[in-house]
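**Q** model this:
(2 chains)
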Amino acid sequence: MSKNLEFVKFDKVDKSYDGKVLVVKDLNLDIAEGEFITMLGPSGSGKTTCLMMLAGFETPTNGEIYLDKNPISNIPPHKRGIGMVFQNYALFPHMTVYENLAFPLRVRKFSKDDIDKKVNKALSMVSLSGFENRMPGQLSGGQQQRVAVARALVFDPQVVLMDEPLGALDKNLRESMQYEIKHIHESIGVTVVYVTHDQGEALTMSNRIAVFNDGKVQQLSSPDELYEKPVNSFVAEFIGENNRFSGEVTEISKDKCKVKLTSGTEIMANPITVKAKGEKTIVSLRPERAIIDPQKDMDNNHKGKIEEVIYHGDHTRVRLNLLGNKEFILKVPNSSSRMDIKVGNQINIGWNSQDSRALDPK
Amino acid sequence: MSSETQKILTTDGIPLEVSLKKAEKKNKIKAFLLVAPLLFFIVITYIFPIGEMFTRSIDDRMVTNMLPKTFKAMETWDGKELPSEEVFAAFLSDFRLLAEKKEHGKLGQRLNKEKNGFNTILKKLWRKMKNFEEGNAKEQIMEIHKRFRDVKYWQAIKRTAPPYSMAKYLKGMDMYYDEDGKIVQVEEDRRIHRILWLRTLEVAFFVTIFCFLMGYPIAHLLATLPMKYSNLLMICVLLPFWTSLLVRTASWMILLQQQGIVNDFFVWIGLVGDDNRPEMMYNKTGTYVAMTQILLPFMVLPLYSVMKTISPSLMRAGKSLGGTPFVAFWKVYFPLTIPGIGAGCLLVFILAIGYYITPALVGGASGTLISNQIAYHMKATLDWSFASAMGLMLLSGVLVVYWIYNKLVGIDNIKLG
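**A** Coordinates of the predicted model:
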């Protein structure tokens, strides 16, 4: 069975609420069948609007959305057959867990036996068997969350949308729910479109991530590629931590460039968006890619002064003043060998030019 | 472990309960002092008058006080044959005292209600008793009129002996005690109260229905519109609250009268002929229209406060799970608004059942309600005990509605805002 790579297709979709500002600008996005795709972005970036358009609660101002090759803009929400998990779960408070799960089956006129079977299966999937007769108000946040997931899946929809479903849970529960949702996705192979503003959540769960900002998809790629190879400075900054140097390109070749910083020092970088000499750029470097006292020859090697040491248990974060950047962060694994990391000391820092990516200056 | 049965002590050795009471005492006194003015006010203006109303409605001590000796003598009388000489003598002595105070006429009127023809024979007794000789009262009284020889008249007197009577309540239900002390209904063409009760219930019921049908969509709109529009709409809903009830009723009179604006409009669009203008006032129609408008906010506000708490994502969830908009509304939204519907309907029904000014002004003859009848007895006939009795019947009717509501929906589910 060949997978449909354009199972859900956003085709040149624009959305405006007031006729003045575009919340979503020229969105083109293909989602493959069975894929777990996350829309990640800061609040107001248009990701939830996209989800609502797919669910049918908002209509695109321009463009068309296709589900399995069929345009769906004129199909009302209840005929789209898309399951949805809402931010606040939206469980029906006057119905028991069983009735909540039976609701989509009853409106589809399933027989009593089928309903029982499907509800039991869905509840055991989220390990909530035996909770049929509880009211949603009697459940904890995590249990309500799981009921909401089960309800969105119980009628075997082709696509399930999840709108920041874990936002209201505490940290530990959120992490275990992430794995649970991921495992459910893997076991039943449904297409999931997930919206979140939590990058950790996006990185651990998704097949692909679409980073939204300002109504546009900034980058659409797998989690590792997104983290390792951000294509612009917004993505670099939004995903994970990064150290930034702004400067000007003074020399450029195919896979290397020289950037002159405002402090006058020159560093080597990997040209990603810069094309020519004289361009302004921001060089981005992940904290864990910089090494203290580099043994090997690294093409960047500089001295910095320790400004602050913050203890984090398994690692220590060191803030340095390096090449005029007073916010340069370094992550040092917790070990007894590094006794010279004290405020005021000078240390050597080195990194490969491949890891420092010269991006757009924003 | 015996610690469960042991008294828990604080670190100072005082029992925990005592210590807690001491610590809470000050707050309790403060709380009581804050409540005290209202409590005092309610006792003076509410509980006391209701108690007063109740005693007034069942008070029947008039004859009891007028004929004390007679009733004392009657205690031993079995009530089957004519009473003994003792009773006649006591009656004569009581009657003489009344005659001196010139109160014998009142007694005649009161006893006449109990048994027709009493007034005449008492008047005759009053005229003749000056010539009575000492002693032998029974023979001399029986000599005056043959009705004094009829045991039924003496039984009638005995019936008025208890200081309390339910007669006013029976009258409110168009019933009375007949000569044998049995409860019977009045003749069919004189049953006015029962018609009024039924009409009051009918009007209150339909006003509640109309308020619900009109208030539900408004409340829904209020709860879902964006703030800037919903505020304006809310002001429109509340506007009636800020206008005097009398002014509003009077404006309905201007609108609804036969030469009024609504009728003019009907004629203008050709719905009715100029010589055939419908009567929309001084009948039930006027009462319905005006009361619905006036009571509408009491329906809208509880509904609004409940609908405001229903997350819009619930309806969305209903639709995304495959329910048509109607199914999502009926299965998800509507059940969640039931506490508001209950509160609104209860409020409107209770207010409507005792409504006075509006039916009095626009109701006419066919649109008056029981409250108008109560007011009539308060002001025109001055039969306060009857007015009190009907007032209490109305109050107990409201309590019954409240009880039924509590059984059906549960009073804890009510939400007024």
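**Q** can you give me the mean pLDDT across stretch B:56-64?
**A** Mean pLDDT, stretch B:56-64: 82.
**Q** now do the SS call for residue 307.
**A** As the question left the chain open, I've gone with chain A. Counting by DSSP: H, G, I helix; E, B strand; the rest coil, the backbone at A:Glu307 sits in strand.
**Q** ok, it to chain B distance?
**A** Distance of A:Glu307 to chain B, given as Cβ to the nearest Cβ, to the nearest Å: 47 Å. Just so you know, the C-beta spots here come from the backbone N, C-alpha and C atoms, and that holds for glycine as well.
**Q** residues in contact with that residue?
**A** Counting by Cβ atoms under 8 Å, 6 or more residues apart in numbering or on different chains, A:Glu307 makes contact with A:Arg319, A:Leu320, A:Asn321, A:Lys326, A:Val343.
**Q** next one: B:Leu225
**A** Residues near B:Leu225 by Cβ under 8 Å, 6+ apart: B:Leu233.
**Q** ok now stretch B:74-84, how far from the chain's centre?
**A** Averaged C-alpha coordinates place stretch B:74-84 at 40 Å from its chain's average position (Cα atoms, centre = their mean, to the nearest Å).
**Q** before we move on, what about stretch B:262-273?
**A** Remark: stretch B:262-273 is offset 40 Å from the chain centroid, using Cα atoms, centre = their mean.
**Q** buried sites along it?
**A** B:Val262, B:Asn263, B:Phe266, B:Val267 (16 or more other Cβ atoms under 10 Å in any protein chain shown).
**Q** cool, and stretch A:65-82?
**A** A:Ile65, A:Tyr66, A:Leu67, A:Ile72, A:Pro77, A:His78, A:Arg80, A:Gly81, A:Ile82.
**Q** could you give the bridge partners of the third one?
**A** When bridges are called by DSSP bridges, A:Leu67 pairs up with A:Val8, A:Asn70.
**Q** would you map out the domains in chain A?
**A** In terms of domains, chain A is parsed into A:8-233, A:241-359 (source: automatic domain parsing).
**Q** sorry, back to before: make a markdown table out of the buried residues of stretch A:65-82 and add secondary structure.
**A** Converted to a markdown table, the buried residues of stretch A:65-82 look like this (three-state DSSP):
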| residue | secondary structure |
| --- | --- |
| A:Ile65 | strand |
| A:Tyr66 | strand |
| A:Leu67 | strand |
| A:Ile72 | coil |
| A:Pro77 | helix |
| A:His78 | helix |
| A:Arg80 | coil |
| A:Gly81 | coil |
| A:Ile82 | strand |
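**Q** any chance of JSON lines for these, columns pLDDT?
**A** Converted to JSON lines, the buried residues of stretch A:65-82 look like this (pLDDT from 0 to 100):
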{"residue": "A:Ile65", "pLDDT": "91"}
{"residue": "A:Tyr66", "pLDDT": "90"}
{"residue": "A:Leu67", "pLDDT": "88"}
{"residue": "A:Ile72", "pLDDT": "88"}
{"residue": "A:Pro77", "pLDDT": "88"}
{"residue": "A:His78", "pLDDT": "88"}
{"residue": "A:Arg80", "pLDDT": "88"}
{"residue": "A:Gly81", "pLDDT": "87"}
{"residue": "A:Ile82", "pLDDT": "90"}
